[in-house]
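**Q** Just the structure for this:
(one chain, ligands or ions: 1)
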Amino acid sequence: MNKLTVKDIDLQGKRVVMRVDFNVPIQNGKVADDTRIVKALPTIKYVIEHGASLTILSHLGRPKGQVKPEFSLKPAADHLSELLGKEVKTASDCIGEKVVSQANALKPGEILVCENTRYHKEEDLKCKTDEDREQQDKFTRELAKLGNVYVNDAFGTAHRAHASTALICKYVRPAVAGFLMEKEIEYLGETVARPKHPFIAIIGGAKVSGKLEVLTSLINKVDSILIGGGMAYTFMKALGHKIGNSLVEAELIDTAKEILKKAEEKGVKFMLPVDNLAADKFDNDAEVKTVEYDIPDGWMGLDIGPKTVAEYTDEIAKAETIVWNGPMGCFEMPNFAEATMSICKAVAESDATSIIGGGDSVSAVNKSGLADKMSHVSTGGGASLEYLEGKTLPGVASLDDK
Ligand code: AMP
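**A** Now for the predicted structure:
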């Protein structure tokens with residue numbers, strides 16, 4: 001990993017300003033799922049245990065530049081305090097004299113959680129004019145007053161060039177990665193750049209359009225691609241199969257053909273479902289039948305079938321590196337979750353380095369209870385997909401090189 005991390009710098013007596021991803025669900029004023037807070041704990045603890053004070057920045061939800069109490073980070077701060085068993089101070093804003101003096105007054109080991117960065121529209125302003133850029137720069141310089149070391153542990157927003165996720169690095173140095181960020185870069189970046197073979201990609205989810213770039217990028221690196229989910233039917237149609245009422249992107253059929261051709265040229269084994277669970281309506285209680293290849297009129301493929309699962313399981317067993325993004329079927333409906341759960345099991349049982357690349361496949365893996373059997377379950381939805389697509393993430397690029 002070519003970026004500096006918290007371990008590479010001296011934290012003693014420093015004022016650390018750290019961007020985390022505390023974008024957690026809040027219900028009745030309490031944190032409903034603390035996964036993201038728990039994942040930030042190792043870096044938080046490391047910083048305060050190494051003699052620095054810590055000011056935390058995060059966004060929560062989309063308040064769109066307005067102060068909306070339902071998006072307050074106060075419940076997250078209270079929850080952090082409970083998890084750490086120590087006081088966590090809170091600020092009513094993330095910029096301004098008051099919060100700067102609160103940050104300055106922190107003693108080594110003390111923590112301050114600022115209020116939602118997205119209460120200010122400048123945080124994620126889509127700058128069109130010089131005036132916009134000046135406004136955002138002014139906000140960024142205000143944020144920079146909160147510390148003399150910047151740590152980014154918010155991989156989930158690393159694909160955004162926002163004030164607190166990337167632009168702040170212009171004014172606070174050193175700018176280093178936290179442990180969570182380091183792990184994401186290591187797995188999604190390094191492992192995928194230098195994979196052990198056989199390297200397989202399992203790609204599912206709703207549409208080809210959402211996964212086009214990741215498919216195009218991975219096709220140059222992998223030995224096989226296993227396709228599931230709604231996107232399979234655009235490929236099936238491209239191959240001349242009947243797909244009934246299954247999800248299809250008619251405008252992408254030619255693109256699907258090109259992808260299939262490219263896979264053939266590159267010697268990549270491109271696996272598509274050989275059978276499907278077809279339903280007579282998009283409903284958990286629909287009538288269901290297993291069909292091979294062609295889906296009759298009036299029916300729709302909502303999950304890959306048992307023969308496909310068996311073929312994919314065999315392929316997974318041979319892999320040394322696995323990247324998985326997107327469910328194999330409509331796993332939110334229990335009657336169409338079986339294939340996704342079986343693939344979870346197959347990946348969990350494999351000895352390969354397994355990377356679950358964000359989004360709904362992460363929910364599926366968490367649902368399966370097998371998350372700890374995977375090498376890495378990414379915390380970033382859009383960010384992990386963009387990283388797998390081979391894009392540069394502003395939140396990573398802006399950190400100091402080793
Ligand atoms: P994505 O965000 O692209 O990974 O897509 C995830 C969504 O795809 C989930 O909500 C699934 O229910 C949906 N999905 C998976 N398989 C199918 C299918 N065969 N037909 C329609 N939607 C599907």
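**Q** residues in the stretch 251-400 of the chain within reach of the ligand, list them.
**A** Gly301, Leu302, Gly326, Pro327, Gly329, Cys330, Glu332, Gly359, Asp360 (CB under 6 Å from any ligand atom). In short, each C-beta sits where N, CA and C put it, glycine included.
**Q** Is it possible to mark the buried ones in the residues you listed?
**A** For these, a burial check counting by 16 or more other CB atoms under 10 Å picks out Gly301, Leu302, Gly326, Pro327, Gly329, Cys330, Gly359, Asp360.
**Q** Now do the SS call for the second one.
**A** In three-state terms, and counting by DSSP: H, G, I helix; E, B strand; the rest coil, Leu302 is strand.
**Q** Would you mind confirming that it is in contact with Lys281?
**A** No: using CB atoms under 8 Å, Leu302 makes no contact with Lys281, being 9.5 Å away.
**Q** and the residues of the stretch 251-400 of the chain next to the ligand, which two are the farthest apart?
**A** Spatial extent of those (CB to CB) is set by the pair Gly301 and Gly359 at 20.2 Å.
**Q** min pLDDT across the buried ones among the residues of the stretch 251-400 of the chain next to the ligand, which one?
**A** Comparing pLDDT over these, Gly359 scores lowest. The value there is 75.
**Q** Can you name the residues that contact that residue?
**A** Gly205, Asn325, Gly326, Gly381, Ser384, Leu385 (CB atoms under 8 Å, 6 or more residues apart in numbering).
**Q** for the residue lying closest to Val176 once chain neighbours are set aside, phi and psi?
**A** Leaving out its chain neighbours, the residue that sits closest to Val176 by CB to CB, 6 or more residues apart in numbering is Leu4, at 4.3 Å. With angles defined as degrees, to the nearest 10, Leu4 shows backbone torsions of phi -70, psi 150.
**Q** Which residue is the nearest non-sequential neighbour of the residue of the chain found nearest the ligand?
**A** The ligand sits closest to Gly205 of the chain, with a gap of 2.5 Å, by CB to the nearest ligand atom. Spatial nearest neighbour of Gly205, excluding adjacent residues (CB to CB, 6+ apart): Gly326 at 2.9 Å.
**Q** can you give me phi and psi for that neighbour?
**A** phi 100, psi 130.
**Q** now Asp297
**A** phi -60, psi 140.
**Q** Give me the neighbour count for it.
**A** Neighbours of Asp297 under the rule other CB atoms under 10 Å: 9.
**Q** quick one: it and Lys242 touch, right?
**A** Yes: between Asp297 and Lys242 a contact is recorded at 7.5 Å, counting by CB under 8 Å.
**Q** number of nearby residues for Arg173?
**A** Neighbours around Arg173, by other CB under 10 Å: 12.
**Q** doesn't Leu399 make contact with it?
**A** No: using CB under 8 Å as the test, Arg173 is too far from Leu399 to be in contact (10.1 Å).
**Q** overlap in contacts of those two?
**A** In contact with both Arg173 and Leu399: no residue, using CB under 8 Å, 6+ apart.
**Q** Run through the residues that contact Val214.
**A** Ala201, Ile203, Asn325, Leu385, Leu388, Glu389.
**Q** which one of those residues is nearest Val99?
**A** Using CB to CB, the contacts of Val214 come closest to Val99 at Leu385, 33.8 Å.
**Q** which is the next helix or strand following the helix or strand harbouring that closest one?
**A** Following DSSP states H and E, one finds Leu385 within helix 381-388. Counting by DSSP H and E, the next helix or strand C-terminal to helix 381-388 is helix 394-397.
**Q** how about that following helix: buried residues?
**A** Buried, per 16+ other CB under 10 Å, within helix 394-397: Pro394, Gly395, Val396.
**Q** Can you add pLDDT and give these back as JSON lines?
**A** Formatted as JSON lines, those follow (pLDDT from 0 to 100):
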{"residue": "Pro394", "pLDDT": "96"}
{"residue": "Gly395", "pLDDT": "96"}
{"residue": "Val396", "pLDDT": "96"}
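**Q** Among these, which one lies nearest to Ala52?
**A** Of those, the one sitting nearest to Ala52 (CB to CB) turns out to be Gly395, at 20.7 Å.
**Q** Tell me the spatial nearest neighbour of the closest one, not counting adjacent residues.
**A** Ala158 (3.1 Å).
**Q** what's near enough to touch that neighbour?
**A** Neighbour list for Ala158: Asn152, Thr165, Ala166, Met181, Glu184, Gly380, Ala383, Tyr387, Leu393, Pro394, Gly395, Val396 [criterion: CB under 8 Å, 6+ apart].
**Q** pLDDT score for the third one?
**A** At Ala166 the predicted local distance difference test score is 97.
**Q** ok but Ile200 is inside a helix, no?
**A** No: looking at Ile200 with three-state DSSP, it is strand, so not inside a helix.
**Q** pLDDT on the helix or strand containing Leu277, on average?
**A** For Leu277, the enclosing helix or strand under DSSP H and E is strand 275-279. The average pLDDT for strand 275-279 rounds to 98.
**Q** Can you tell me what sits against it?
**A** Residues from elsewhere that reach strand 275-279 (CB under 8 Å, 6+ apart): 232, 244, 246, 286-293, 295-296, 299-308, 329, 335-336, 338-339.
**Q** Stretch 79-92 now?
**A** 22, 24, 30-31, 34, 37-38, 41, 44-45, 56, 73-74, 77-78, 98-99, 102-103, 106, 110-115.
**Q** any chance you could map the helices in the stretch 151-300 of the chain?
**A** 179-184, 192-193, 208-218, 232-238, 253-266 (DSSP state H, counting those that start in this stretch).
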